[in-house]
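K.L.:
I'll drop the sequence and a predicted model, then ask my questions.
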Amino acid sequence: MKKAFSLIELIFVIVVLGIVASIGADTIAQVFKNTIPQKATNIAAIKTELATQQLANRLSYAVPWSIVAKNINGSTPQQLGDVAANDMNDKVIEWIGVDGDSFEATATPGWSGYCDAPNSTATNCSTPGSALANTDTVIKNLGGAGITDAIAIFDRYKELEGCNLAGDQYSGSTVGLIGTGTQCAFPLTSTGGGTNLTFANVPKRRAEIYSLAWSAYALVPINERNIGGGGGQKVFDLELRYGYQPWKGDTFDAVPLTQRQTIATNVSVFKVSQNSIAQDDIRLKICVKQPIGTGSTDFISMCKEKAVTR
């Protein structure tokens, strides 16, 4: 005779296992249910953080008086400080970015930022401490063959006494919201090698401090659509366009696909504000919607704000 479980004992074990299994299944299901929205929340948080950080990095090099807002249809631009922050979703934000890449890419800066005024002329800026050949190399590597003409911008950190900012026009030749007859930015005929910047023969404001720029940037809302059920929710994608030169007649809408980068998808709120062009502070806010699971009509909304102070 061998000892074994009785039928009653087996039934009892099966019942206990069934109870444990049902409790475990409910627990696992609840954990899985809670994990899905948490995952969506984390993805949305990462998206907004990456987007705002990228934009903050770009805007930290923006020439303050060049930042304008315009309708997607290309209407007359407005100075950013004149546009209500809650009216940005359908606007393109455009600015000129200072060339920080060639300035910081080598041990010797590509350009020093200072003109030796006594040794400069209307067509030449002697800029000791520069390695302008490095600037040329960096610009060509980043911008490609189509980027040939940089500009020099004077009085970047001042009130811009030499610029008439009362006008309401966007001029590619002098860059920014300006009136007529102003000389704030100058196309360069050559950055050359050595330490001399060469200008076209035009009168320029005497100033020792300058910056170089070779590209404009634009934040463009694209692919506007409705998502979710119940009538849908309006969202769009936010695209950065770069590597074009308004002072040569280039426009953001003609930028090739290779010079476009999607910053964020399913954006529901996009705000950029600037108190005045005399202040470098810029505030931006992005909200994105992330679906809760594949094919879901429910979304997690996440917002991120960031201030850019230079």
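P.N.:
Yep, that arrived.
K.L.:
any idea which residue sits dead centre in the chain?
P.N.:
Nearest to the mean C-alpha position of the chain, by Cα atoms, centre = their mean, lies residue 55 at 3.0 Å.
K.L.:
for residue 261, see how far away that one is.
P.N.:
The gap separating residue 55 from residue 261 is 11 Å, by Cβ to Cβ, to the nearest Å. All C-beta atoms are positioned from the backbone trio N, CA, C, and that covers glycine.
K.L.:
hang on, the earlier thing: three-state assignment of the residue nearest to the centre of the chain?
P.N.:
Following DSSP: H, G, I helix; E, B strand; the rest coil, we place residue 55 in the helix state.
K.L.:
distance of it relative to residue 95?
P.N.:
As judged by Cβ to Cβ, residue 55 and residue 95 stand 11 Å apart.
K.L.:
flag every buried residue along stretch 260-276.
P.N.:
260, 263, 264, 265, 266, 267, 268, 270, 271, 272, 273, 274 (16 or more other Cβ atoms under 10 Å).
K.L.:
so the fifth one touches residue 286, yeah?
P.N.:
No - distance between residue 266 and residue 286: 10.7 Å, which falls outside the contact criterion (Cβ atoms under 8 Å).
K.L.:
check residue 31 and give its pLDDT.
P.N.:
Per-residue confidence at residue 31 stands at 56 (pLDDT).
K.L.:
show me where this protein has its helices.
P.N.:
7-59, 100-104, 132-143 (DSSP state H).
K.L.:
of all those, which lies closest to residue 116?
P.N.:
helix 132-143 (14.0 Å; Cβ to Cβ).
K.L.:
other residues contacting that closest one?
P.N.:
Applying Cβ atoms under 8 Å, 6 or more residues apart in numbering, the external contacts of helix 132-143 come out as 99, 101-102, 105-106, 108, 110-111, 147, 150, 191-197, 212, 214-215, 243.
K.L.:
number of nearby residues for residue 215?
P.N.:
Neighbours of residue 215 under the rule other Cβ atoms under 10 Å: 22.
K.L.:
distance of it relative to residue 66?
P.N.:
12 Å.
K.L.:
any residues in contact with both of these two?
P.N.:
Common neighbours of residue 215 and residue 66 (Cβ under 8 Å, 6+ apart) are residue 96.
K.L.:
chain center to stretch 135-146, what's the gap?
P.N.:
20 Å (Cα atoms, centre = their mean, to the nearest Å).
K.L.:
likewise stretch 254-261?
P.N.:
On Cα atoms, centre = their mean, the centre of stretch 254-261 falls 14 Å from the chain's centre.
K.L.:
point out where the stretch 1-150 of the chain drops to low pLDDT.
P.N.:
Where the stretch 1-150 of the chain drops to pLDDT under 70, the residues are 1-5, 22, 24-34, 73-76, 81-89, 105-106, 145-146, 148.
K.L.:
what do you get if the cut-off is 50, keeping everything else the same?
P.N.:
Within the stretch 1-150 of the chain, not a single segment meets pLDDT under 50.
K.L.:
can I assume residue 269 is in contact with residue 302?
P.N.:
No - using Cβ under 8 Å, residue 269 is not in contact with residue 302; the gap is 10.5 Å.
K.L.:
leaving out chain neighbours, which residue sits closest to residue 54?
P.N.:
residue 263 (5.9 Å; Cβ to Cβ, 6 or more residues apart in numbering).
K.L.:
ok, residue 41 next?
P.N.:
Nearest to residue 41 is residue 300, by Cβ to Cβ, 6+ apart, at 5.2 Å.
K.L.:
hmm, that neighbour is touching residue 37, no?
P.N.:
Yes - Residue 300 lies in contact with residue 37 (Cβ under 8 Å); the separation is 6.3 Å.
K.L.:
for the two, list the residues in contact with both.
P.N.:
residue 292.
K.L.:
on that earlier part again, hey, what's in contact with both of residue 55 and residue 261?
P.N.:
In contact with both residue 55 and residue 261: residue 240, using Cβ under 8 Å, 6+ apart.
K.L.:
the closest residue to residue 119 other than its chain neighbours: how many residues sit nearby?
P.N.:
Of all residues not flanking residue 119 in the chain, residue 126 sits nearest, at 4.3 Å (Cβ to Cβ, 6+ apart). Other residues near residue 126 come to 17 when the count uses other Cβ under 10 Å.
K.L.:
distance of residue 126 relative to residue 142?
P.N.:
26 Å.
K.L.:
show me the residues around residue 261 that make contact.
P.N.:
Taking Cβ under 8 Å, 6+ apart, one finds 239, 240, 241, 242 in contact with residue 261.
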